[in-house]
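Participant: quick one, structure for this:
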Amino acid sequence: QLQLVESGGGLVQPGGSLRLSCTASDITLDYYAIGWFRQAPGKEREGVSCIGRRGRSTNFVDSVKGRFTISRDNAKNTVYLQMNSLKPEDTAVYYCAAREYYGLCESIEYVFWGQGTQVTVSS
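Facilitator: Numbering: from 1, shown residues only. I've put the predicted structure just below:
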């Protein structure tokens with residue numbers, strides 16, 4: 001069972017930045033496509049950004065394009081979500097998830113999940 005661990009969440013003011021990290025201790029992540037998802041209170045979980053196994057394929061939900069970037073360092077067994085120009089509407093629990101093949105950035109497609117990290121954007 002693949003165990004994913006997210007880190008890097010916290011409280012930030014609007015316009016600020018955070019970098020989330022996703023790693024695994026018991027398996028190499030370069031066998032998997034990785035996605036970042038978020039869920040705000042009372043809302044459905046949505047795909048934020050996904051990246052293929054080699055990092056060449058990425059996609060982003062429209063609301064974060066130009067503000068968020070996704071990358072992976074397979075040597076460090078870590079996938080990052082760099083979040084800039086954060087807005088209050090970015091407040092949510094952020095999850096990373098893994099699937100064997102890169103495809104649609106939708107939560108139903110992803111098999112292994114982390115526990116999530118809270119991101120709060122507020123002044």
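
Participant: tell me the contacts of the residue positioned nearest the centre of the chain?
Facilitator: Closest residue to the average C-alpha location of the chain: W36 at 2.4 Å, with CA atoms, centre = their mean. W36 sits next to 20, 22, 47-50, 70, 79, 81, 94-97 when contact means CB atoms under 8 Å, 6 or more residues apart in numbering. Any C-beta I mention is one placed from the backbone N, CA and C, and that applies to glycine too.

Participant: okay, helices next: where are they in the chain?
Facilitator: In the chain, no helices are defined using DSSP state H.

Participant: which residue ranges form the strands in it?
Facilitator: For the chain, strands defined by DSSP state E occupy the ranges 4-7, 10-12, 18-24, 33-39, 46-51, 58-60, 68-73, 78-83, 92-99, 112-113, 117-121.

Participant: re earlier: which strand residues bridge the residue nearest to the centre of the chain?
Facilitator: S49, C96 (DSSP bridges).

Participant: all set now, cheers.
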